[in-house]
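Q: Predicted model and sequence below, questions to follow.
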Amino acid sequence: MRQRHAETPTAETVAHVREVMGRGNPVGEAEQVGTADDAEGRRALARILATGRDAPATTERPPRRRRRRWTIILAATVSIGALGAGADAAGIIPTGVTKAFEQGNDSDSVWGDVVTSKARMLIRAQAPEGGTAELWTAPGTKGGECRYLRRLEPGKDAEDAEDAEDGSLECSDKVSFPGTGALGGLYGALVGDWMGVYGRAAPPATTIRVTLQDGRRHLVPVRAGGYFMAVLDHKQGPPKTKRPTNPEDPYEGFAPADLAALDAKGRVIATLRTYESSL
């Protein structure tokens, strides 16, 4: 969608300077004394040099094409793709995060519209070959909450930034992780094909022990607020094509991961078996 911007005082200054100076060099040796003594004048001259004498004095920028990918996961969960990985003008909340949360605006829902200005990152994790996973949260105007699992793919430069981000958004009156109040979490492909876990544990948990189906173990620290997240050292395996032997078992064919919340002395506080899922 193209956005049009009203002409600014800077643009009017550029037009006026061009009209007065004609085809003269605005920064020539004989002309530069007194022509840019203030910040506004310097910006006007810089714009003239950058755009040329006959270029229109406008701040309108050409539209940028955005590709969006939507997948309905649950009633209040959507997948957001290619929303932009850059930061906003304030450098605080990335543009992609803001746009993702805007997709959750629903005045008829229990959470209402999403207050994007109050978005904050809960935790992040780095993948072995680059790429990052981040978990963001933002409140709703009716008291609910939205969480955005943001994934930044590796190997992208600035020109590819809009194609480098993907993620999933979940909104509810109370967003929680599968499990119990003591330990909840998810296991699946977290960044690209790299498997990972993330979730939340109640005090006094300080570490999450992850035991995979093949016996490998990983220790994941619990961060502020009880959140944990880690990209593990292996990738997602090929899809299972074997016909299920028990159609009533919804987890058959999905690799499990056993999570255990440990306190500072290594004692087990809570356990959870979670199965590979689409994050």
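A: Perfect, thanks for sending it. Residues are numbered from 1 along each chain as shown.
Q: domain assignment for this structure?
A: Residue ranges of the domains in the chain are recorded as 1-63, 72-172, 183-275, according to automatic domain parsing.
Q: Now do the same for the first one: mean pLDDT, whole number.
A: Average pLDDT, domain 1-63: 46.
Q: Tell me, how many residues neighbour the nearest residue in space to T274 that is not next to it in sequence?
A: Among residues not flanking T274 along the chain, Y187 sits closest, at 4.7 Å (C-beta to C-beta, 6 or more residues apart in numbering). Using the backbone N, CA and C atoms, a C-beta is placed for each residue, glycine as well. Using other C-beta atoms under 10 Å, Y187 is surrounded by 27 other residues.
Q: Confirm for me that Y187 is in contact with S278.
A: No: applying C-beta atoms under 8 Å, one finds Y187 not in contact with S278, separated by 11.0 Å.
Q: Burial check on G181, number of neighbours?
A: 10.
Q: That one in helix, strand or coil?
A: coil (DSSP: H, G, I helix; E, B strand; the rest coil).
Q: What spatial separation is found between it and G199?
A: Shown here: G181 relative to G199, a distance of 12 Å by C-beta to C-beta, to the nearest Å.
Q: Just want the phi and psi numbers for T141.
A: For T141, the backbone dihedrals are phi -70, psi -20 (criterion: degrees, to the nearest 10).
Q: what pLDDT does the closest residue to it other than its chain neighbours get?
A: If the residues on either side of it in the chain are set aside, T141 comes closest to G112, at 3.8 Å by C-beta to C-beta, 6+ apart. pLDDT, the model's per-residue confidence, is 96 for G112.
Q: and G112, bridged to which residues?
A: D106 (DSSP bridges).
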